[in-house]
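Here is a sequence together with a model predicted from it:
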Amino acid sequence: MVDIKSKREIEQMREACRVTALVHKEIEKAIKPGMTTLELDKIAEKVIRQNGGIPAEKGYPSYQKGVPDFPGSICVSINDEVIHGIPSSKVVIKDGDIVSVDLVVGKNGFHGDAARTYLVGQVSNEAKRLVEITKQAFFEGIQYAKAGNRLGDVCHAIGAFIEKNGYSVVKEFQGHGIGKSMHEDPGIPNYGKAGKGIKLEPGMTLAIEPMVIQGKPDILELNDGWTIITEDGSLAAHYENTILITEKEPEILTII
């Protein structure tokens, strides 16, 4: 069942989303060749806590026997890593890398969720295009994120745009509703049929997140039980925002 937020709840949620956006601004300023992904993680956690939030991904349960809960405050995924990369003092960001950072902030009992793929140093034109198309896929989708439309209208627009541009959609992972919990109904795949799915209503808050692969769509999970990579070693990018369905145009809550 999809939770419809009250005006009061939306105002509370705005603050979690504001902090989420603020953290991404700090990451964008800080990220550079030579730093470790753990350094990036520490910057993010500091900003989150200074603003009265909690890093909601830290300690997120793995649900897999023998796999520890997620240890980082953010997910940091480099190049062929699609999502859920674990911050590490041993992983150094290099010139030419594309680095996807996915983070969730909890505050006031609500959550904000956003992901960006950052270009570090001198990045290839092919990598730049992948990142641009991934970001644009989000905006293609939310054109349809209006009250009265179907969720499938959003999903279809995202997937069609990605494939039209010669890239692959990650089908094993998807966006989601968000609010008091990090993950709520509905699930939001990055592909689907227009006219299908639930009807969108004002007060719905959704985390929409295209995950795009440069090559074939096949993915693998690393032995750490978290990190997802492309099977063929091709690049992957990720772009996400938390949005609010209104009576008119959708409102992006995680951009300030």
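All right, it came through fine.

Quick check: which ranges of this structure have low pLDDT?
Residue ranges of the chain with pLDDT under 70: none are present.

Kindly recompute the last result at 90.
Counting by pLDDT under 90, the chain contains low-confidence residues at 1, 256.

Please identify the next secondary structure element, helix or strand, after the strand or helix carrying residue 24.
Applying DSSP states H and E as the criterion places residue 24 in helix 7-30. From helix 7-30 onward toward the C-terminus, using DSSP H and E, the following helix or strand is helix 37-50.

can you count the residues close to the residue nearest to residue 204 when sequence neighbours are not counted?
Nearest-residue entry for residue 204: residue 245, 4.2 Å, with adjacent residues in sequence omitted and distances by Cβ to Cβ, 6 or more residues apart in numbering. In short, each C-beta sits where N, CA and C put it, glycine included. Using other Cβ atoms under 10 Å, residue 245 is surrounded by 24 other residues.

do residue 89 as well
In terms of burial, residue 89 registers 10 neighbours under the definition other Cβ under 10 Å.

Nearest residue to it in space, please, no chain neighbours.
Counting by Cβ to Cβ, 6+ apart, residue 38 is the residue found nearest to residue 89 once chain neighbours are left out, at 4.5 Å.

Identify the residues contacting that neighbour.
Residues near residue 38 by Cβ atoms under 8 Å, 6 or more residues apart in numbering: 87, 88, 89, 91.

how about CSV for those residues, with secondary structure and distance to residue 29 added?
Below are those laid out as CSV (DSSP: H, G, I helix; E, B strand; the rest coil; distance: Cβ to Cβ, whole Å):
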residue, secondary structure, distance to residue 29
87, coil, 18
88, coil, 21
89, coil, 21
91, coil, 20
